[in-house]
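> turn this into a model:
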Amino acid sequence: MPKKIIFMGTPLFAVPILKSLYQNGYPISVVYTQPPQKSNRGHKINKSPIQGISETLNIDFRSPQTLKDNQEEYQFLKKMDADLAIVVAYGQIIPRNFLRLIKKGFINIHGSILPKWRGAAPIQRSIMNLDDETGISIMKIVEELDSGPISNSYKIKLDRNFNAEEISDKLSLLAAEKISDNIDDIFQEKVKFIDQDHSKATYAKKIKKNEGEINWNDQAVKIIGKINGLFPSPGAFFIFNGERYKILKAEIGNGIGKLGEIVSDKLEIACSNNQSIKVLEIQREGKKAQKIGEFILGSQIRKGSII
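Numbering: from 1, shown residues only. Prediction:
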C-alpha cells in the first residue's frame, strides 16, 4: 500500500524540497501552507510560493488561518491517516494533539545546526553572528520549539561574502538533495533520532525592522555581517537628513575617519578600530536599488558628511 505523506511549508525556501519529493515519486497527499496575504493596501492578494507550486504540480493544498483549536483540520488529518509529515518553514506551530495523528510523526527541516539557532531566523542570526558554518537539521517535531531529536545534520561553510538570500538558497537545495534518503530511512526504520544537548541551545529571535540600523561604532566585519544577514529584508540602513538609506552590498575598506564619516568620493564610511566599509549597492527610501557609481552622481551625501 502506498505511503501517505503530508507536506507543510510556505516560503520560497520550501519550494525546492517539495519539488524534489514530487519529482522523486513520493506520494504527497496534501500540502498545508499559510493563507494568501494582502498587500498594496489590500488591493493585491499574494499566494505563498508553496501554494503556487502546489497549483502548478496539481497537488491538493489547504491554507487554514490557524491549526490551533481547529477541529475541521484535526478531523481531516485524522481521517487521512497519513504516514509522515514533512514540515519546512510552515509558519505555524503544530498543536500537541495534531502531533499524535501521523504514524511516523512530523519531521522538520530546520535551517541551522541544532541546538544552535532554534527559532524563527536561524540563517540571518548565523550570518550576523559571523559564524564559520551553518547547515540544516532533520528533526522530529515535539511540543517545545525546535527541541526534538535529530536524525541528521548537514553543514556548509559560511562565506562572509554571501548574504542571507544566497545562504537560504544553498540550504534549500541541500535539503532538497538530502530529504529523500532521510524519508527512505524513516520508512525502513533505519533512522536513529538522537536527543539534542539542550544545554547548548541558542535562539534565533524573529528579526525586527529597527535591528537594521547600523551602528558605526561597530567593527567593519560586524557591519558587513549585518548588511549580509538582513538582506533582502528588512535590510541594514542608516539615516541621512531624515531619509533612510538601505545598504544592500558592501565590503571592508581601508579609509580612516570619524565614526560615520564619508571618507571617499565613492561612499566609503568610517567605523571603529580605524576601519571603514565601502558601499557597493544602495537603495534610497522609496527609490530603486543602485550600484554605487550610479548613486553618487545624484546624491547629496558627499565626502566629509557624517551619517
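
> so Met139 sits against Ser153, correct?
No: in this structure, Met139 is not within contact of Ser153 by Cβ atoms under 8 Å, at 9.0 Å. C-beta here means a position set from N, CA and C on the backbone, and glycine is covered the same way.

> helices of the protein, residue ranges please.
Ranges of helices within the chain are 15-23, 49-57, 71-80, 96-99, 122-128, 164-187, 220-229, 292-297, based on DSSP state H.

> what is the mean pLDDT for the second one?
Looking back up the chat, that one is helix 49-57. Average pLDDT, helix 49-57: 98.

> Ile223 and Asn46, how far apart?
Noted for Ile223: a distance of 32 Å to Asn46, by Cβ to Cβ, to the nearest Å.

> start and end of stretch 109-116, how far apart?
Taking Cα to Cα, to the nearest Å, stretch 109-116 runs 14 Å from one end to the other.

> Provide the contact partners of it at residue level.
By Cβ atoms under 8 Å, 6 or more residues apart in numbering, the residues outside stretch 109-116 that reach it are 13, 17, 86-89, 117-118, 122-123, 126, 133-139, 146-147, 150, 153, 155, 168, 171, 175, 179, 196-198, 200-202, 204.

> all strands for the stretch 201-307 of the chain, in order.
Here the stretch 201-307 of the chain has its strands, by DSSP state E, counting those that start in this stretch, at 203-204, 236-240, 243-253, 268-271, 275-284, 289-291.

> I'd like the distance between the nearest residue to Gly9 once chain neighbours are set aside and Gly225.
Once flanking residues are discounted, Gly9 sits nearest to Val88: 4.0 Å by Cβ to Cβ, 6 or more residues apart in numbering. Using Cβ to Cβ, Val88 is found at 26 Å from Gly225.

> between those two, who's got more neighbours?
Val88 (26 against 22; other Cβ atoms under 10 Å).

> Tyr26 contacts Ala176, doesn't it?
No: between Tyr26 and Ala176 there is no contact under Cβ under 8 Å: 12.0 Å.
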